[in-house]
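structure, please.
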Amino acid sequence: MDILLINTNPVVSRLIALCTREDNMNLEETDNIANVSMDKYNIVFVDEASYGDETQNVLSNLIVGEKVFLSSHDETSDEIEFFDTIIKKPFLPSQIINVLEDAGNSEKEEAVTEMPSIFPLSADAEETIDEIPEEETKVLDLNEIGRIKELLDMEEEEGEAVREEEYESRKIEVIKQQLIADGLEIVDEDEYIETLRKKDKKKKNNSVKKKKEQKKKKDNVAFEEALLAAVKGMKVKKIKKLLRGAEVTIKIHFKEER
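Below is the predicted model:
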């Protein structure tokens, strides 16, 4: 039985490989439909991530017994029409094994139909046919079942993480839209941080300017006090010479008597 798997998902790859270990099964796997090596397959498995127009066109030109689609979403009308079987992910190995067994039975029926018996069988021949034992069905042991369960759990956890992250993102977006509808302005985090930085910088500049003004005022007061102390002991001629014709306004503050 020739089986083709078109897939890029490592979990799907391992599960299909575990289910197709029979001696009469030949599994070919590719991540590019253009790389298929034969023109006839009994079964073709296609993972949803690898399905597209090119895949559909190439498969339409191949001789395929059954086309199986592995999907985690609701199938479209095009997918339903093109594929013979659709299996939802995450899937169980038993679902794949059932498809393989059905295909194997169909293959046997076709072989019997194509090669009819010309002569009637003798009694000895009929007894010989009845004595042929049925082929023993191979089953997965406990270790393999455990490995498959881990793979399925792994894929399910990854899917849940993505869905939860997407849900949170959508929830935040809905809240933003509602706040905007209520007339509130929504500011992004980066823009808010930049605004805080500008305010902090402006506050620092104002603080530096204020300190400079205080220092200048303090220096002026000190100069005035030094000048008055110097003028007190001068004679009128020296004061006139110092001023050199400049006009000076002097304010005298008298202390109030108690």
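
which secondary structure element of this structure has the lowest mean pLDDT?
helix 123-131 (a mean of 54; mean pLDDT, DSSP states H and E).

how many residues are close by residue 59?
20 (other C-beta atoms under 10 Å). The way it works is simple: take the backbone N, C-alpha and C, and place the C-beta from them, glycine included.

now it: how far from residue 169?
36 Å (C-beta to C-beta, to the nearest Å).

swap in residue 57?
On the measure of C-beta to C-beta, residue 57 and residue 169 end up 35 Å apart.

what of residue 66?
Separation of residue 66 from residue 169 (C-beta to C-beta): 39 Å.

neighbour count: these two, which is higher?
Set residue 66 next to residue 169 and count neighbours by other C-beta under 10 Å: residue 66 wins out with 17 against 10.

that one contacts residue 98, correct?
No: with contact defined as C-beta atoms under 8 Å, residue 66 does not reach residue 98; the gap is 11.9 Å.

what is in contact with these two at once?
The contact sets of residue 66 and residue 98 do not overlap (C-beta atoms under 8 Å, 6 or more residues apart in numbering).

in contact with residue 59, which residues?
So residue 59 contacts 33, 44, 46, 67 (C-beta under 8 Å, 6+ apart).

with residue 88 instead?
71-72.

related to what we said a few turns ago, quickly name whichever of the contacts of residue 59 is closest to residue 239.
Residue 239 lies nearest to residue 33 out of the contacts of residue 59, by C-beta to C-beta, at 107.0 Å.

tell me which stretches of the stretch 1-150 of the chain form helices.
With helices called from DSSP state H, counting those that start in this stretch, the stretch 1-150 of the chain shows them at 10-19, 53-60, 77-82, 93-114, 123-131, 142-181.

what's the least confident stretch among those?
Least confidently modelled of these is helix 123-131, at a mean of 54 by mean pLDDT.

residues contacting the nearest residue to residue 86 once chain neighbours are set aside?
Leaving aside its sequence neighbours, residue 86 sits nearest to residue 69 (C-beta to C-beta, 6 or more residues apart in numbering; 4.7 Å). Shown in contact with residue 69 (C-beta under 8 Å, 6+ apart): 46, 48, 51, 75, 79, 82-83, 85-87.

can you check residue 83 too?
Residue 83 is in contact with 46, 67-69, counting by C-beta under 8 Å, 6+ apart.

at 6 Å what do you get?
Residues in contact with residue 83 (C-beta atoms under 6 Å, 6 or more residues apart in numbering) are 67, 69.

swap in residue 40?
Taking C-beta under 6 Å, 6+ apart, we find residue 40 in contact with residue 63.

let's see it at 7 Å
When contacts are counted by C-beta atoms under 7 Å, 6 or more residues apart in numbering, residue 40 is found next to 2, 62-63.

pull out the buried members of these.
residue 2 (16 or more other C-beta atoms under 10 Å).

a markdown table for the contacts of residue 40, including distance to residue 27 and pLDDT?
A markdown table is the format used below for the contacts of residue 40 (distance: C-beta to C-beta, whole Å; pLDDT from 0 to 100):
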| residue | distance to residue 27 | pLDDT |
| --- | --- | --- |
| 2 | 9 | 94 |
| 62 | 16 | 93 |
| 63 | 18 | 93 |
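
and the contacts of residue 40, which is closest to residue 165?
Lowest distance from residue 165 to these (C-beta to C-beta) belongs to residue 62, with 38.6 Å.
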